[in-house]
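*Asks:* Provided below are the primary sequence and the corresponding predicted coordinates.
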Amino acid sequence: MNDGVNGVALAVFIFFFLLVTAMGFLAARWRKAANDQSLDEWGLGGRSFGTWVTWFLLGGDLYTAYTFVAVPAAIYAAGAAGFFAVPYTILVYPLIFTFLPRLWSVSHKHGYVTTSDFVRGRFGSKGLSLAVAVTGILATMPYIALQLVGIQAVLDVMGVGGGEDTNWFIKDLPLLIAFGVLAAYTYSSGLRAPALIAFVKDTLIYIVIAVAIIYIPIKLGGFDDIFAAAGDKFTESGNGGLVPDHGGQWTYATLALGSALALFMYPHSITATLSSRSREVIRRNTTILPLYSLMLGLLALLGFMAIAAGVKVENGQLAIPQLFETMFPDWFAGVAFAAIGIGALVPAAIMSIAAANLFTRNIYKDFIKPDATPAQETKVSKLVSLLVKVGALVFVLGMDKTVAINFQLLGGIWILQTFPALVGGLFTRWFHRWALLGGWAVGMVYGTVAAYGVASPTQKHFGGSSDEIPGIGEIGYIGLTAFVLNVLVTVVLTFVLRAAKAPDGVDETKPGDYTADAGDPGVEVELPPATAGTSH
């Protein structure tokens, strides 16, 4: 790592940062609506994005700075076990093809902005809706923090901010500036800002990966030498080499499956989905999004390249930025750092908007001010998006980076527990609302307690996301075990409650709502009284 500031790389980084900052503010005029004082416009981009805008937006949403830094860092630290992210992104697309178009259709029909809106409308339960909203906000906060961790890793490698003895304000000033810019253009432009910036972000990432996968192996003597160096490292470390042993295979498989189930439960994934203009846009996107999985597989190989290049870092999150600085010319290292930095800004913006929409629609409007006007909703959502980002910033500056990563893993465990209510509700009304709430509570408690008991070399609690699977004895993903318990409790309680003739909530949806498209005759958005006049 350079002792001083890498001036050339920093100059290139600043150029791209200023470019996307300008785009972020100009996005407020992009497809500007006649009435921008509504969550449909600020929080969903007017539900107007076509196939390619949605593709870039979803790609920018799902493939983040955390992905860019943490996936190859996992390979760098643990070998092929870190590749779990590749199969789970392959598993997820057939899964979402079955339910995302249905969610888009019913949300368009009834003006739903969040998953909690749908859950409340489907099951007639504000309590269940609140549980889904709180879970979404809790799971999103550490995810936003990790995007800031990605920016900080890049700044550290470029030598910005000084050493460990530097005054904390001077050291963190570049991150504070990046945060301030992100907060300003998100407040001003809403979802249009990350949608526009995503074009630059994804283009840079594809360029960097294409160059890295060709240029770095040539400099290191080819892939034979790269894999040989990685194999030697893991054999010497005593973990049996590149491939996980039998016990590790259970962890690998359950983590991949559980992560696939959880990915589109996150509020930011749904926000990007609902911003599209038609049901067919969603269907087309599920067929072309796997292109990102190809990129991710190549990206993961950077972890082995870092080993072969002799990169030595105490913090694994610095491995890939350090690899870029070591192997690339300074100017192209700046391009790579810009790809990571912008790869943090896009998802952080979408995540903060999604969390703000959940608070506004499903806490503020449902429980605090039911008669809120569209303009009031938008104002509250803008303010909450700022508070969410401030919370993430405090989290990053006040806690160890490993803690941030492990809390993001805990967030994955939590968000998976909303699957029965959301996906189950899209296909059946059989589950009882109280049973879903009971199953959610059991899954949340079990997952949190189990994760609390996992220790790591650096943490006594919340040290990982894998533990022994009850009744099987193998080590597996806690989130998937909690999800199975959630479903079992939900099914049993549903039988009991239906036998006891417990009152059902009112379902405001109809079967035809789940297959309707924007252009279908007679399909108009049905607005609740308090949101009348909102532009859709």
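*Replies:* Yes, it's here.
*Asks:* okay, strands next: where are they in the chain?
*Replies:* For the chain, the strands defined by DSSP state E occupy 466-468, 475-477.
*Asks:* which residue packs closest to residue 196, ignoring adjacent ones?
*Replies:* Nearest residue to residue 196, sequence neighbours excluded (Cβ to Cβ, 6 or more residues apart in numbering): residue 27, at 4.4 Å. For the C-beta atoms, the positions are set from N, CA and C on the backbone; glycine is no exception.
*Asks:* distance of that neighbour from residue 454?
*Replies:* 41 Å (Cβ to Cβ, to the nearest Å).
*Asks:* look at these two and report which has more neighbours.
*Replies:* Using other Cβ atoms under 10 Å, the more surrounded residue of residue 27 and residue 454 is residue 27, with 24 against 19.
*Asks:* distance of residue 337 from residue 501?
*Replies:* Distance, residue 337 to residue 501, by Cβ to Cβ: 62 Å.
*Asks:* more neighbours: these two, which one.
*Replies:* Ranked by neighbour count (other Cβ under 10 Å), residue 337 and residue 501 place residue 337 first, with 29 against 7.
*Asks:* what are the buried residues along stretch 216-231?
*Replies:* 216-217, 220, 226, 229-231 (16 or more other Cβ atoms under 10 Å).
*Asks:* lowest-confidence helix or strand of the protein?
*Replies:* helix 168-189 (a mean of 79; mean pLDDT, DSSP states H and E).
*Asks:* which helices and strands does that helix pack with?
*Replies:* If you count contacts as 3 or more Cβ pairs under 8 Å, 6 or more residues apart in numbering; DSSP states H and E, helix 168-189 packs onto helix 7-26, helix 126-157, helix 192-220, helix 330-359, helix 374-398.
*Asks:* and residue 137, what's its pLDDT?
*Replies:* Looking at residue 137, its pLDDT is 94.
*Asks:* ok, now residue 194?
*Replies:* pLDDT recorded at residue 194 is 89.
*Asks:* same question for the one 5 residues further on.
*Replies:* On the pLDDT scale, residue 199 is placed at 87.
*Asks:* got a list of what it touches?
*Replies:* residue 56 (Cβ atoms under 8 Å, 6 or more residues apart in numbering).
*Asks:* likewise for the one 3 residues further on?
*Replies:* Taking Cβ under 8 Å, 6+ apart as the criterion, residue 202 is in contact with 56, 59-60, 63.
*Asks:* by pLDDT, give me the weakest of those residues.
*Replies:* Lowest pLDDT within those is found at residue 60 (75).
*Asks:* pull up the gap between that one and residue 410, please.
*Replies:* Using Cβ to Cβ, residue 60 is found at 24 Å from residue 410.
*Asks:* and those two? Which one has more around it.
*Replies:* Remark: of residue 60 and residue 410, residue 60 carries more neighbours, 27 against 23, as counted by other Cβ under 10 Å.
*Asks:* can you give me the helices for the stretch 351-500 of the chain?
*Replies:* According to DSSP state H, counting those that start in this stretch, the stretch 351-500 of the chain carries its helices in the segments 374-398, 401-416, 419-427, 433-452, 478-499.
*Asks:* so residue 79 sits against residue 232, correct?
*Replies:* No: using Cβ atoms under 8 Å, residue 79 is not in contact with residue 232, being 11.6 Å away.
*Asks:* just want to know which of those two has more residues nearby.
*Replies:* Set side by side, residue 79 and residue 232 show more neighbours around residue 79, with 25 against 13, by other Cβ under 10 Å.
*Asks:* if I look at the more buried one, what pLDDT would I see?
*Replies:* 81.
*Asks:* start at 855 instead
*Replies:* Got it, first residue is 855 now, which makes that one residue 933.
*Asks:* how near is it to residue 1319?
*Replies:* In terms of Cβ to Cβ, residue 933 sits 18 Å off from residue 1319.
*Asks:* any weak-confidence spans in this protein?
*Replies:* For the chain, the stretches with pLDDT under 70 are 855-857, 885-890, 1015-1025, 1091-1096, 1098-1101, 1253-1258, 1373-1390.
*Asks:* okay, which residue is most central for it?
*Replies:* residue 916 (5.4 Å; Cα atoms, centre = their mean).
*Asks:* so who does it touch?
*Replies:* 943, 1117, 1123, 1143, 1146, 1201.
*Asks:* can you tell me which of these is nearest residue 1268?
*Replies:* Using Cβ to Cβ, residue 1117 comes nearest to residue 1268 of those, at 13.6 Å.
*Asks:* count the neighbours of that closest one for me.
*Replies:* Counted by other Cβ under 10 Å, the residues lying close to residue 1117 total 20.
*Asks:* same check on residue 1047?
*Replies:* The number of residues near residue 1047, taken as other Cβ under 10 Å, comes to 30.
*Asks:* cool, residue 1252 as well?
*Replies:* Neighbourhood size, residue 1252 [other Cβ under 10 Å]: 8.
*Asks:* surely residue 985 is in contact with residue 1294?
*Replies:* Yes: in this structure residue 985 lies within contact range of residue 1294 using Cβ under 8 Å: 5.4 Å.
*Asks:* who touches both of these two?
*Replies:* Counting by Cβ under 8 Å, 6+ apart, the contacts common to residue 985 and residue 1294 are 1272, 1275.
*Asks:* what sits in contact with each of residue 933 and residue 1086?
*Replies:* Contact criterion Cβ under 8 Å, 6+ apart; residues shared by residue 933 and residue 1086: none found.
*Asks:* where does residue 1363 fall, phi/psi-wise?
*Replies:* phi -100, psi 160 (degrees, to the nearest 10).
*Asks:* hmm, residue 974 and it touching each other?
*Replies:* No: contact between residue 1363 and residue 974 fails when scored by Cβ under 8 Å: they sit 10.9 Å apart.
*Asks:* settle it for me: which of those two has more neighbours?
*Replies:* Remark: of residue 1363 and residue 974, residue 974 carries more neighbours, 25 against 19, as counted by other Cβ under 10 Å.
*Asks:* now the closest residue in space to the more buried one that isn't next to it in sequence: how far from residue 1116?
*Replies:* Setting aside the residues directly before and after it, residue 974 is nearest to residue 983 in space (Cβ to Cβ, 6+ apart), at 3.6 Å. Using Cβ to Cβ, residue 983 is found at 19 Å from residue 1116.
*Asks:* likewise residue 1269?
*Replies:* Per Cβ to Cβ, residue 1269 is found 5 Å from residue 1116.
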